[in-house]
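A.B. asks: Here is the input, now give the coordinates:
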Amino acid sequence: QVQLVESGGGLVQAGDSLRLSCAASGRALRDFGMGWFRQAPGKVREFVATVSAGGNRPYYAYADSVSGRFTISRDNAKNIMFLQMNNLKIEDTATYYCAAASSLYGSTTLRDYDYWGQGTQVTVSA
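C.D. replies: Numbering: from 1, shown residues only. The predicted structure is shown next:
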C-alpha cells in the first residue's frame, strides 16, 4: 500500500504558475510509475502527465493540452512528485489527482493506476 497526499492547489489568475506536490508514504515512490490526472466539474477524469519510475533516462508523457506548459518531476529520495504548471489557463481549472501505477513505465491510462490521492483544487480565473 502507498498513501498519496497532494498539496499546492489554489486560486490563481490566467497566466500565473502553480506547483503541485504529491507526497508518498507507506512504500518507496521509486517502485511506481507516477501520473497526474485532473477532473473538472461535470467531466470525466483525464490524463495530464506521467513519468516512469526512474533510471538514467526517465520517460515522460503529457496531454496535448498541457504540453509545453506543465512539467512533471519526481524526487525518489524524498518520496515526492511535482507538477509545475506555468501559463495557466481558465480551462485548467479542475481537481488534480496524483496516482501511482505498478507499471514502472507510467501510463496515460487511468485504469493502469492502483493508488490515488484525494485531490487538490486548482482554480484559474480570468
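A.B. asks: Against residue 33, how distant is residue 56?
C.D. replies: 16 Å (C-beta to C-beta, to the nearest Å). In short, each C-beta sits where N, CA and C put it, glycine included.
A.B. asks: More neighbours: which of those two?
C.D. replies: Ranked by neighbour count (other C-beta atoms under 10 Å), residue 56 and residue 33 place residue 33 first, with 23 against 4.
A.B. asks: which residues touch that one?
C.D. replies: By C-beta atoms under 8 Å, 6 or more residues apart in numbering, the residues touching residue 33 are 50, 51, 52, 53, 100, 101, 102, 103, 104, 105, 106, 107.
A.B. asks: mind redoing it with 7 Å?
C.D. replies: With contact set as C-beta atoms under 7 Å, 6 or more residues apart in numbering, residue 33 has these partners: 50, 52, 53, 101, 103, 104, 105, 106, 107.
A.B. asks: Assumed residue 98 was part of a helix.
C.D. replies: No. Applying DSSP: H, G, I helix; E, B strand; the rest coil, one finds residue 98 to be strand, outside a helix.
A.B. asks: one step back: the contacts of residue 33 in strands, which ones?
C.D. replies: Among the contacts of residue 33, the members falling in strands (DSSP state E) are 50, 101.
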